[in-house]
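Trainee: could you look at this predicted model? Sequence included:
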Amino acid sequence: MKKIIAIALGLSLAFGAFAQEKKTTIKAGDLSIGVNINPMTAFAAKKFQPEDGAFSGAFVDGVGKHPGQMYILSKDPVASFKLRYHMSESMAIRAQLGISGSIINHRDYVQDDQAVFLNPDSQNKVFDEVSSKLNAGSFSLALEMIKGSGPLKFNASLGLLYAIAGGSMDFTYGNPFNTSWNGNVPTSSAYTQKLGTSGYEADDLNDGAPVGQIGISYARPVKRFNVGYTNALGLVIDMGIEWFFSGSMSLGAAVTFTPVMVMFQPQTYTTYEAYTNLAIQGKPDDGSVIEYNKLVSPGSTGLLYGTDNFGLRLSLNYYL
């Protein structure tokens, strides 16, 4: 982050060297564009991917139970674009847009069940994959007040912030359900089960009744946390300074607050595939593979308030 700030400052000074006259006044009709960086948000942001070598099943399960994006939405974006229209020397309308996201295809090798059935000493492998698609965006519209004469000016603004975040995770498996070589529990990766000293642990992602009971004894996710998007609306306040250092370019720094924000997360489901020994929808009771949906969350709401949702916004601006 320090390197990014240093590069931004260096570029601004380089461009400023070609300017002949420093801008010291703002007039009605002025339009400015800018780039914002908020290092405080970068420090607070939750990663949307597992650490290298980490148990991927726990990561996936954690995102579903405790969606990190719900608590990032209240922050000023790490990086964003800014557009201001000055209605007068002392008042402007500011729009700000920030986006982020990730598309991650995480793979693990697992035993090839068919090969082992044919040859117990086989070392053949297949792989399971989880595809994670998560993204977030925010848009704010604020009224900005400007005071001061000369190249250094004080500004303060009040506005609304709308943010949205969400995505989905899709699973594909190298070993299908097939009773001819692996019974009703195919070998799957840590996406669906974690083997510990006492067997499968409590944070397994599989579903179904214990093995041996009638019905679905084991099921694994096909689409985990089929997430509708989390929406948030909040009040934003900031206070700072803007310094015109050369030509029509300025540097800005402001302390930002989101003192109150409401959030809405819709119902979420998981789609499972399973082997069942029950007759379902006319299928025979000698073993069938089915898919079914299971409710993960009935929907959640959140209210954040206080002064701890703060940041430090640094900006480079150019007046057209």
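Mentor: That came in fine, so what should we check first?
Trainee: bridged to residue 312, which residues?
Mentor: Note on residue 312: beta-bridge partners residue 255, judged by DSSP bridges.
Trainee: which ones are touching it?
Mentor: In this structure, residue 312 makes contact with 38, 39, 40, 253, 254, 255, 256, judged by C-beta atoms under 8 Å, 6 or more residues apart in numbering. Quick note: C-beta positions are derived from backbone N, CA and C, even for glycine.
Trainee: closest to residue 140 among the residues you listed?
Mentor: Within the contacts of residue 312, proximity to residue 140 (C-beta to C-beta) peaks at residue 256, which comes in at 9.8 Å.
Trainee: buried set for stretch 171-180?
Mentor: When burial is assessed from 16 or more other C-beta atoms under 10 Å, stretch 171-180 yields the following buried residues: 171, 173, 174, 175, 177, 178.
Trainee: just stretch 297-305 next, same as before
Mentor: Using 16+ other C-beta under 10 Å as the burial criterion, the residues of stretch 297-305 that qualify are 297, 302, 304.
Trainee: do stretch 256-273 as well
Mentor: Buried residues in stretch 256-273, counted by 16+ other C-beta under 10 Å: 256-259, 261, 263, 265, 268-273.
Trainee: repeat for stretch 238-248
Mentor: For stretch 238-248, burial by neighbour count (16+ other C-beta under 10 Å) applies to 238, 240, 242, 244, 245, 246, 247, 248.
Trainee: which one among the residues you listed gets closest to residue 132?
Mentor: With C-beta to C-beta as the yardstick, the closest approach to residue 132 among the buried residues of stretch 238-248 comes from residue 238, at 32.9 Å.
Trainee: please name the residues that touch that closest one.
Mentor: The contact partners of residue 238, by C-beta under 8 Å, 6+ apart, come to 142, 156, 157, 254, 255, 256, 257, 313.
Trainee: of these, which is the nearest to residue 78?
Mentor: Among the contacts of residue 238, and counting by C-beta to C-beta, the member closest to residue 78 is residue 313, at 10.4 Å.
Trainee: my guess is that closest one meets residue 39, correct?
Mentor: No - with contacts counted by C-beta atoms under 8 Å, residue 313 stays clear of residue 39, the gap being 9.3 Å.
Trainee: and the strands in the stretch 1-150 of the chain?
Mentor: Per DSSP state E, counting those that start in this stretch, the stretch 1-150 of the chain has strands spanning 31-37, 79-88, 91-111, 125-147. These are given in chain order.
Trainee: quick one, the longest one and strand 79-88 angle?
Mentor: Counting by axes from the mean of the first three to the mean of the last three C-alpha atoms, to 10 degrees, strand 125-147 lies at 20 degrees to strand 79-88.
Trainee: circling back to that earlier point, mind checking which of the contacts of residue 312 are buried?
Mentor: By the neighbour-count criterion of 16+ other C-beta under 10 Å, the contacts of residue 312 include these buried positions: 38, 39, 40, 254, 256.
Trainee: pull the most distant pair out of the buried residues of stretch 256-273.
Mentor: Every pair in those was compared (C-beta to C-beta); the two farthest apart turn out to be 257 and 273, at 46.9 Å.
Trainee: quick one: average confidence on stretch 186-204?
Mentor: When pLDDT is averaged along stretch 186-204, the result is 56.
Trainee: which members of the buried ones among the contacts of residue 312 define the maximum pairwise distance?
Mentor: The most widely separated members of the buried ones among the contacts of residue 312 are 39 and 254, with 12.9 Å between them, by C-beta to C-beta.
Trainee: lowest-confidence entry in the contacts of residue 312?
Mentor: For the contacts of residue 312, the least confident entry is residue 40, with 76.
Trainee: ok, now which ones touch the closest residue to that residue other than its chain neighbours?
Mentor: Leaving aside its sequence neighbours, residue 40 sits nearest to residue 311 (C-beta to C-beta, 6 or more residues apart in numbering; 4.0 Å). Contacts for residue 311 (C-beta under 8 Å, 6+ apart) come out as 38, 40, 41, 75, 76, 255, 256.
Trainee: tabulate those (a markdown table), appending distance to residue 135.
Mentor: Formatted as a markdown table, those follow (distance: C-beta to C-beta, whole Å):
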| residue | distance to residue 135 |
| --- | --- |
| 38 | 18 |
| 40 | 22 |
| 41 | 16 |
| 75 | 16 |
| 76 | 18 |
| 255 | 28 |
| 256 | 22 |
